[in-house]
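Student: Give me the fold of what follows.
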Amino acid sequence: MHRLADFAREGLLLLLAALILCTPSPASAQSILRTAAQEASEPKFIAKQDGGKTSVGGFCVDVFRAIEAIEPGLKFVGDQNWLPLARVYGGPDDVVCGLLYTKERALKYDYISPALFSVNYLLVVRADDDVKVNDWDDIRKLGNDGIILSMHNFAISDILRGMGGLQVDSTAVSSKSNLNKLLANRGRFYCHRSPGIVTEIRKAGLEGKVKLLPKVMLKEQFYMLVSKTVAADDAKKLRAAIVQLDNQGVLAKLFEKYLD
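Tutor: Next comes the predicted model:
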């Protein structure tokens, strides 16, 4: 009877040891960071077709995977789900990839430096428009004939309004809509970023009907945003990974893939 009890005790100890070995340690556990694919944001997020299957790619998805490779303790989820911008940073997401700085966003998110990438803002006009623009004053002088189209809820719209004296129409939710409004004479200019605008013109099938003015009107930086509710240790890991990717030149190389 004593021997049977000893065997049972040893078996129980072995079972407990096996359970302990199979349980992930806190150091190896992954922290989940919720995000989303922002609609109408190429090249940050791009719809892809591969073997009949639809997926989301683009610069931001590349960055997420690069961060996970550097920091296995972080896992991004949701980058295959499309959402409009208002729901991306207005929702419960932990991380938002590639946004301009605004005071409103900074109330909810911390901006991680360095910036992920920089863009140029250009103006699109109708192909037969011979307008010459050297600066914003040239547009101000046009009065009612100088309406600038931009995207709804995009920070560039607030930046343009903040300059004063510019007439901005930001009711459209896609580049295609704004380009069609341009052709319908419901605006003189469409302000959008490069890279991105050349692809949008091509997707809309409007090559030859609109053109880009050569003057770069603005240069802006886009950042990774992390919610103030994210654990401090996870936010620190995210920052460190982005700094490493920047120092190694990886961010620049990833962005080069998507230049117009």
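
Student: Would you mark the buried spots in stretch 229-241?
Tutor: 230, 234-235, 237-239, 241 (16 or more other C-beta atoms under 10 Å). For every residue, glycine as well, the C-beta is placed using N, CA and C.

Student: In contact with Trp192, which residues?
Tutor: To be clear, residue 192 is His; Trp isn't right here. Residues in contact with His192 (C-beta atoms under 8 Å, 6 or more residues apart in numbering) are 121-122, 124, 150-151, 156, 175, 178, 200.

Student: For stretch 243-253, give me every contacting residue.
Tutor: 63, 66-67, 70, 114, 116-117, 242.

Student: could you pull out the helices for the stretch 1-150 of the chain?
Tutor: When secondary structure is read from DSSP state H, counting those that start in this stretch, the stretch 1-150 of the chain shows helices at 2-22, 59-70, 85-90, 103-106, 136-140.

Student: quick revisit: quick check: of the contacts of His192, which has the highest neighbour count?
Tutor: Neighbours here mean other C-beta atoms under 10 Å. Within those, the largest count is held by Asn178, at 28 neighbours.

Student: Just give the closest residue to Ser174, not the sequence neighbours.
Tutor: What sits nearest to Ser174 in space, not counting adjacent residues and going by C-beta to C-beta, 6 or more residues apart in numbering, is Ala40, at 4.9 Å.

Student: Can you pull the phi/psi pair for that neighbour?
Tutor: Phi and psi for Ala40, reported as degrees, to the nearest 10, are phi 50, psi 50.

Student: burial measure for it, as a count.
Tutor: 20.

Student: swap in Leu251?
Tutor: Neighbouring residues of Leu251 were enumerated by other C-beta under 10 Å; the total is 22.

Student: sec struct for it, please.
Tutor: Under DSSP: H, G, I helix; E, B strand; the rest coil, Leu251 falls in the helix class.

Student: Kindly present the contacts of His192 as CSV, with separate columns for pLDDT and distance to Lys141.
Tutor: CSV is the format used below for the contacts of His192 (pLDDT from 0 to 100; distance: C-beta to C-beta, whole Å):
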residue, pLDDT, distance to Lys141
Tyr121, 98, 20
Leu122, 98, 20
Val124, 98, 19
Ser150, 98, 20
Met151, 96, 25
Ile156, 97, 21
Ser175, 96, 26
Asn178, 98, 23
Glu200, 95, 28
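
Student: Kindly indicate which of those residues lies nearest Met217.
Tutor: Within those, distances to Met217 taken as C-beta to C-beta reach their minimum at Tyr121, with 5.1 Å.

Student: any idea how far Met151 is from that closest one?
Tutor: Tyr121 is 12 Å from Met151, where distance means C-beta to C-beta, to the nearest Å.

Student: Check whether Tyr190 sits in a helix, strand or coil.
Tutor: State at Tyr190, reduced to three classes by three-state DSSP: strand.

Student: just the one 3 residues further on next, same as before
Tutor: Here Arg193 is strand, with the state taken from three-state DSSP.

Student: partners of Leu218 in the sheet?
Tutor: In this structure, Leu218 has the following beta-bridge partners (DSSP bridges): Tyr121.

Student: contacting residues around it?
Tutor: Applying C-beta under 8 Å, 6+ apart, one finds that Leu218 lies in contact with 120-121, 156, 159.

Student: how about those in CSV, adding distance to Val96?
Tutor: Below are these laid out as CSV (distance: C-beta to C-beta, whole Å):
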residue, distance to Val96
Asn120, 22
Tyr121, 20
Ile156, 16
Ile159, 18
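
Student: my guess is Ala47 meets Val56, correct?
Tutor: Yes: counting by C-beta atoms under 8 Å, Ala47 touches Val56, with 6.5 Å between them.

Student: quick one, which of those two is more surrounded?
Tutor: The neighbour comparison of Ala47 against Val56 (other C-beta under 10 Å) goes to Val56, with 18 against 13.

Student: Please consider this matter closed, and thank you.
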